[in-house]
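Undergrad: Model the structure of this input:
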Amino acid sequence: MPDDHQHYVPQFLLRNFAAGGSKRNHKIWVFDKRNEKSFMASIAKVATQGNFYDFSADGKTRSLDPALQRLESLVAGDFREILRHRVLPKSAETRARIAFFVAVQMVRTKAHRQQFIDLSDLLLQEIEKRGGWAPGAPQACEFNAEESAAQSIQNIPDLARTSAPLILKKSWILYSTKASDPFYIGAR
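TA: You can find the predicted model right below:
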């Protein structure tokens, strides 16, 4: 049975920003943009949602989470090496693995799921503006949150496979800073 506590930002990445807590209960600073409040939270409770990668297909409940956990396990060591030596890998195999991981990260988000709903809404609005559906034309379906999640989850492997080669073609730059002069990152 898949774990229902599924992270959309891997814990191994979040641990690099730990600012407190015990070794088993790392904590990071979180900024809630909606409420404009900062607080510390356990990594286990950040960037996670129950059953986030579970979906129904052919009448069965399936989950992409086990495959994502395997991918995270594969690249966690690559990231440890980058952090330890402060240099990007030269190995083509390692770079390909990281590129695939980055591609997956780009499409395993809540925002990616919302794009299906937004695109469907925009399409339906435009069709209505232009007078509605032509007689006999197949009508596009509206995506609700559940359908959007299922479609998004099922698309992750293919989108990552097609995006990874493009990421490999990019110039990779590693920025670093001193502990005395930290920098911050964020996501929207």
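Undergrad: domains in the chain, as residue ranges please.
TA: Using automatic domain parsing, the domains assigned to the chain come out as 1-52, 62-176.
Undergrad: Tell me which helix or strand residue 28 sits in.
TA: Taking DSSP states H and E as the definition, one finds residue 28 inside strand 27-32.
Undergrad: With residue 96 instead?
TA: In the assignment (DSSP H and E), residue 96 maps to helix 92-107.
Undergrad: Name the surrounding residues that touch the helix or strand following that helix.
TA: Heading C-terminal from helix 92-107, the first helix or strand you meet, by DSSP H and E, is helix 110-129. For helix 110-129, the external contacting residues (CB atoms under 8 Å, 6 or more residues apart in numbering) are 8, 49, 106, 133, 140-145, 147-149, 151-152, 188. Where C-beta positions appear, they are placed from N, C-alpha and C, glycine not excepted.
Undergrad: Recalculate using a threshold of 10 Å.
TA: For helix 110-129, contacts defined as CB atoms under 10 Å, 6 or more residues apart in numbering pick out 8, 47, 49, 52, 106-107, 109, 132-134, 137, 139-145, 147-153, 155-156, 159, 187-188.
Undergrad: tell me the contacts of the residue nearest the centre of the chain?
TA: By CA atoms, centre = their mean, the chain has its centre lying nearest to residue 108, at 3.2 Å. Taking CB under 10 Å, 6+ apart, we find residue 108 in contact with 6-10, 52-53, 64, 68, 152-153, 156, 159-160.
Undergrad: Generate a ChimeraX selection restricted to the buried subset of the residues you listed.
TA: Here is the ChimeraX command that picks out the buried ones among the contacts of residue 108, judged by 16 or more other CB atoms under 10 Å:
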select :6,7,8,10,52,53,64,68,152,153,156,159,160
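Undergrad: Keep only those of the contacts of residue 108 that are in helices.
TA: Applying DSSP state H to the contacts of residue 108, the entries found in helices are 68, 152-153, 156, 159-160.
Undergrad: which among those gets closest to residue 100?
TA: Comparing the ones in helices among the contacts of residue 108 against residue 100 with CB to CB places residue 160 closest, at 5.7 Å.
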